[in-house]
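Undergrad: after the sequence you'll find the predicted model.
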Amino acid sequence: MTTRKKYSKEFKLDAISLVLEQDYSRAEAARSLDINANMLGRWVKEHQADDGQAFRGNGKLTPEQEELRNLRTQVKRLQMEKEILKKATVFFAAETK
């Protein structure tokens with residue numbers, strides 16, 4: 001089994017600039033860089049769609065993804081606190097009887 005090649009962010013951005021700024025076709029740029037043309041096309045799409053946030057690296061989230069993660073964590077914590085308060089209310093109501 002072959003290992004996957006990993007390309008740096010700089011390499012990807014240079015490859016994209018060949019296509020977008022220097023008017024190479026995707027096939028020409030891919031051939032000259034010895035990469036697959038479909039992969040280069042995917043890089044171009046990601047770059048155009050992510051507004052400069054493309055190729056962040058493993059584990060690095062966009063600001064929106066980071067905010068969503070924080071909000072989900074907060075919701076989970078608040079739900080747990082609510083459940084604890086419900087159980088405490090039942091417990092203290094039983095104690096007073």
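TA: Here it is on my side, so go on.
Undergrad: find the nearest non-adjacent residue to the spatially most central residue of the chain, please.
TA: Geometric centre of the chain, nearest residue: residue 61, 4.8 Å, by Cα atoms, centre = their mean. Nearest residue to residue 61, sequence neighbours excluded (Cβ to Cβ, 6 or more residues apart in numbering): residue 69, at 6.8 Å. Any C-beta I mention is one placed from the backbone N, CA and C, and that applies to glycine too.
Undergrad: my guess is the one you found contacts residue 75. True?
TA: No: using Cβ atoms under 8 Å as the test, residue 69 is too far from residue 75 to be in contact (11.0 Å).
Undergrad: show me which positions of stretch 14-25 end up buried.
TA: 15-16, 18-19, 24 (16 or more other Cβ atoms under 10 Å).
Undergrad: straight-line length of that stretch, end to end?
TA: Start to finish, the residues bounding stretch 14-25 are 14 Å apart (Cα to Cα, to the nearest Å).
Undergrad: any idea of the mean pLDDT in it?
TA: Mean pLDDT, stretch 14-25: 89.
Undergrad: who's in contact with it?
TA: Stretch 14-25 has contacts (Cβ atoms under 8 Å, 6 or more residues apart in numbering) with 26, 29-30, 32-33, 35, 40, 43-44, 47.
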